[in-house]
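[1] build me a model from this:
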Amino acid sequence: MNTGLVVLFIVIALLLGAVGGFFFAKKTFEDQLEKNPPVNEDMLRMMMAQMGQKPSEKKIRQMMQNMKTQNTKKKK
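    Predicted coordinates:
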């Protein structure tokens, strides 16, 4: 076989693997988000009630804001 043809097959295989891997990872990530949704205000209320606390609306909003701030710091 021609060396150029072998290199071409390798490049095509790498490209197909990268595209396939991207879509597989995207699908897996979406499934995980569906099974384990991110924390929202209702979840915070439930968690605090389980810990025996009566959360105020101000405290819930403050905790959500803190979580959003932490997430943006992690992304940077």
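[2] the helix or strand that contains Lys26: how far from the chain's middle?
    Using DSSP states H and E, Lys26 falls within helix 3-35. Distance of helix 3-35 from the chain centroid (CA atoms, centre = their mean, to the nearest Å) equals 19 Å.
[3] so which bits of it are buried?
    Across helix 3-35, burial judged by 16 or more other CB atoms under 10 Å covers no residue at all. To be clear about C-beta, it is placed using only N, CA and C from the backbone, and glycine gets the same treatment.
[4] so which bits of the helix or strand that comes right after that helix are buried?
    Proceeding N to C from helix 3-35, the next assigned helix or strand is helix 41-50, under DSSP H and E. Within helix 41-50, the residues scored as buried using 16+ other CB under 10 Å are Leu44, Arg45, Met48.
[5] pull the residues that contact the helix or strand following helix 41-50.
    Sequence-wise, the next helix or strand downstream of helix 41-50 (DSSP H and E) is helix 57-75. Helix 57-75 is contacted from outside by Val39, Asn40, Glu41, Leu44, Arg45, Met48, using CB atoms under 8 Å, 6 or more residues apart in numbering.
[6] got CSV for those residues, with pLDDT and distance to Val6 too?
    Shown next, in CSV, are these (pLDDT from 0 to 100; distance: CB to CB, whole Å):
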residue, pLDDT, distance to Val6
Val39, 81, 51
Asn40, 84, 53
Glu41, 85, 58
Leu44, 87, 57
Arg45, 89, 61
Met48, 88, 62
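[7] redo those residues as JSON lines? Include distance to Glu30.
    Putting the contacts of helix 57-75 into JSON lines (distance: CB to CB, whole Å) gives the following:
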{"residue": "Val39", "distance to Glu30": "18"}
{"residue": "Asn40", "distance to Glu30": "18"}
{"residue": "Glu41", "distance to Glu30": "23"}
{"residue": "Leu44", "distance to Glu30": "24"}
{"residue": "Arg45", "distance to Glu30": "26"}
{"residue": "Met48", "distance to Glu30": "29"}
